[in-house]
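Chemist: attaching a predicted model along with its sequence, questions to come.
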Amino acid sequence: MPGQWVIMPTPGPRLSGLYFAHGAIRNGPFMNSRTTPSPAPDARATRTLWILLLGLWITQILWPSASHPTEGLLETLTAALLLGTAALHSRQSRRAAPMAAVGWLAIMFTTYVWARWAAGGFRTVGAENFSTFLGAATAGSSAFMLLRNTQTNGGDARDLIRILLWAVALTAAALSIHAVAQYLWLYDRMYADMMTTLGGQEPTSLQLALLHHLKLKRVASVWGDPNALGGFLGLSLAATTEILRIATRTRKAPTQAMAALIVVLTGLGLLLSGSRGGILTGLIAVVLTTAGGGWRKPKLPAAAAGAALALALAISALFGNAFAQTTSSAELVKTRPGESGLRGLVERSNTIRERAHYARVGTKIFARNPAVGSGLGSVDLYYGVYRPPEARESKFLHNWVLQVAAELGAAGLLLAILLVGGLWSGFFAHKLWRADHWRACGAMALAFTVDALYSLNFNEREMMLFFGIVAGSIVAGMSATTTGTEPTGKLNFRVAPAWAALLIAALAVHVVPGLFSARYRDSALDLLDEGKFREAAQSLERAQQWTPRDPRLLIMRAGIEEKSGNPDGAIMLLDQAIRLQPESASARGQKAEVLLRARRLDEAEAAAREAVSIYPNNAEYHYTLAQILETRGKVKEAYREAGRAVEVGYIYPEKYKALRDRLEGKLSTSEPAP
């Protein structure tokens, strides 16, 4: 069909999956089987914007560096331009764009998140969470407006949804191929390189942990987290299953073969990730997608899914411990029985214990301010206060209900539940689960809300952008199926540009300055590695101009001042950081270290005790306090603090044990002989 924009797989050295081709493709797997006339200019523009929206999201997944400060700035501005263009396009049509009530709930929730962050003084610790929420809102609004523009102008929104499904499926296939490559040889190479770099030296605890994970071979592709990869692959099975279902009904053998291959690749990547949550998410997504029926041969999906699962299980069972066997000569890193292969998938219990800790901590943070929460970033800020000694460090609670309740309180949680509930109920009430293509969107969105109850995906920027696109698509579908009665709400040509302007203003005021600041901060880190302290300090001062209320920059500048021989200047900067963020234990801990080296022991002990009182289960603060007490001759107290550091520390245990043993020796020699 001349004039159609389509997505085609492309070869290349990158992980790609996508490039944009403009050509004559007739009855291909990416477009309708029926013959349609060339789209109008408005329709072509809408399709181009839709592809741009998906391209921005896929870029963030396949090239994580694109989300970093310099390139991320361009990405953010492009997303803002996209949203503004979509709103102006709706404005140009001069027609009302009906929107279901759940869309208004999304606007209310986003506005509440912004207001709650503002009420807390726009704390820097909450900037990352706000940026994630804002990205999801921007993507969702863009998706809704683009689809409604298509529907309002007489187009078929299913063409855009079809492009979305293929984009998800091909991206999942690319990630799965990369994950298989990691499993078969890339992790082996990384392990060998690390061992060569060590050269027989004793690794640090962090290096030992990395070697351990490389040996377990839980692949993560470009995500960096096996559970994030598993979550996305599980969600993508809804898109691939829908493509396979439609191809089976329409008897398109090439599309059937391609979809079946993607199912096998995705299932294999899912098993190799070792993510039990991802597997559960995949099962939920497939069940929700297939529940709508419409299969020409009802037994086909069950047979295909069973074959793919059996193949993936067989490969995992055969090769699950292969790497451990090939590296058995390296006694440095050992895996315990049940840590790798299928047995590890079934028996691994540490994640369950950790989630119990998250629930306990989240409940206590919620109790601080049940009505409106403790503010964005409060989990990161207060987790250390309530963390049990046996729990790991974390910035998030791995559960969207707990995270929202802790940071946004009962008011925010109510809005979030109404939003999710409205999405679920509207999806079924408008019978989208029986509609081609929309069915998969609903399955992915609903499976995501379940997945976010036991995973980190609710706080993953890329996953939240994906959820925003899918949720916005569902709201557009719900709005389009409102017939016989007046829609419950209207996002008309006056409201759309206003909402777009509000989101763009939030990007300009909060996100863009943070990106510039992060750029200078990263530059300062590079300069520090090169030993250029003066230039690093200047770079941090530029970063501070963009984000003057960021205490992290003051703490970094304090470190440079001390290295430059100015401990008084370092202490002054640390005091400023404490004033900006009174709950900060890290600023007090660093202040205690500076004062110790400056031999101002009374002030050092006071600062260290404040840090310990704020974060009682942080081993480093107990270690610093033990050093101060030892210097002051309080050996017994120092020994107790060193012992506490050993109890709660798991990152540098050898350092804490060495101090404790030395103090124990001092105590034994100082005791009088009987």
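Modeler: Sure, I can see it. Residues are numbered from 1 along each chain as shown.

Chemist: quick one: contacts for the residue nearest to Ser141 when sequence neighbours are not counted?
Modeler: Among residues not flanking Ser141 along the chain, Leu83 sits closest, at 5.9 Å (Cβ to Cβ, 6 or more residues apart in numbering). Where C-beta positions appear, they are placed from N, C-alpha and C, glycine not excepted. Counting by Cβ atoms under 8 Å, 6 or more residues apart in numbering, Leu83 touches 138, 141-142, 145, 500, 503-504.

Chemist: do the same with Tyr656
Modeler: So Tyr656 contacts 619, 623, 642, 645-646, 649 (Cβ under 8 Å, 6+ apart).

Chemist: and it, how far from Gly589?
Modeler: 15 Å (Cβ to Cβ, to the nearest Å).

Chemist: where's the residue nearest to Ser141, which helix or strand?
Modeler: Take DSSP states H and E as the rule and Leu83 turns out to sit in helix 69-93.

Chemist: now do Met463
Modeler: Applying DSSP H and E, one finds Met463 within helix 461-480.

Chemist: packing partners for that helix?
Modeler: helix 41-62, strand 97-98, helix 101-119, helix 127-152, helix 158-181, helix 226-250, helix 400-429, helix 438-451 (3 or more Cβ pairs under 8 Å, 6 or more residues apart in numbering; DSSP states H and E).

Chemist: make TSV out of these and add distance to Asp522, mean neighbour count and mean pLDDT.
Modeler: Listed next are the helices and strands packed on helix 461-480 as TSV, based on distance: least, Cβ to Cβ, whole Å; neighbours: other Cβ atoms under 10 Å; pLDDT from 0 to 100:
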stretch	distance to Asp522	mean neighbour count	mean pLDDT
helix 41-62	18	20	83
strand 97-98	41	23	54
helix 101-119	24	19	89
helix 127-152	15	24	86
helix 158-181	26	24	94
helix 226-250	23	27	90
helix 400-429	27	20	91
helix 438-451	31	27	90
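
Chemist: so where's the stretch 351-500 of the chain shaky on pLDDT?
Modeler: Applying pLDDT under 70 to the stretch 351-500 of the chain picks out residues 480-494.

Chemist: could you do the stretch 201-350 of the chain as well?
Modeler: Scanning the stretch 201-350 of the chain for pLDDT under 70 picks out the ranges 204-206, 292-350.

Chemist: please redo it, this time with the cut-off set to 90
Modeler: 201-228, 245-257, 273-280, 283-284, 286-350 (pLDDT under 90).

Chemist: which residue ranges of it form helices?
Modeler: Secondary structure of the stretch 201-350 of the chain (DSSP state H, counting those that start in this stretch): helices located at 205-216, 226-250, 253-273, 276-290, 299-319, 322-326, 341-347, 350-368.

Chemist: redo these as a markdown table? Include distance to Thr59.
Modeler: A markdown table is the format used below for the helices of the stretch 201-350 of the chain (distance: least, Cβ to Cβ, whole Å):
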| stretch | distance to Thr59 |
| --- | --- |
| helix 205-216 | 27 |
| helix 226-250 | 15 |
| helix 253-273 | 20 |
| helix 276-290 | 22 |
| helix 299-319 | 28 |
| helix 322-326 | 31 |
| helix 341-347 | 31 |
| helix 350-368 | 30 |
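
Chemist: could you identify which of these is most buried?
Modeler: Of these, the one with the most neighbours on average (mean count of other Cβ atoms under 10 Å) is helix 226-250, at a mean of 27.

Chemist: from Trp50, how far off is the residue positioned nearest the centre of the chain?
Modeler: Central residue of the chain (Cα atoms, centre = their mean): Glu460, 1.4 Å from the mean position. From Glu460 across to Trp50, the span is 23 Å (Cβ to Cβ).

Chemist: kindly report the same for Asp380.
Modeler: 35 Å.

Chemist: try Phe130
Modeler: Look at Phe130 and Trp50: by Cβ to Cβ, they are 26 Å apart.

Chemist: next, format the contacts of Tyr656 as JSON lines and append neighbour count, secondary structure and pLDDT.
Modeler: Below are those laid out as JSON lines (neighbours: other Cβ atoms under 10 Å; DSSP: H, G, I helix; E, B strand; the rest coil; pLDDT from 0 to 100):
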{"residue": "Ala619", "neighbour count": "22", "secondary structure": "helix", "pLDDT": "88"}
{"residue": "Tyr623", "neighbour count": "24", "secondary structure": "helix", "pLDDT": "93"}
{"residue": "Ala642", "neighbour count": "27", "secondary structure": "helix", "pLDDT": "90"}
{"residue": "Ala645", "neighbour count": "25", "secondary structure": "helix", "pLDDT": "89"}
{"residue": "Val646", "neighbour count": "19", "secondary structure": "helix", "pLDDT": "88"}
{"residue": "Gly649", "neighbour count": "21", "secondary structure": "coil", "pLDDT": "76"}
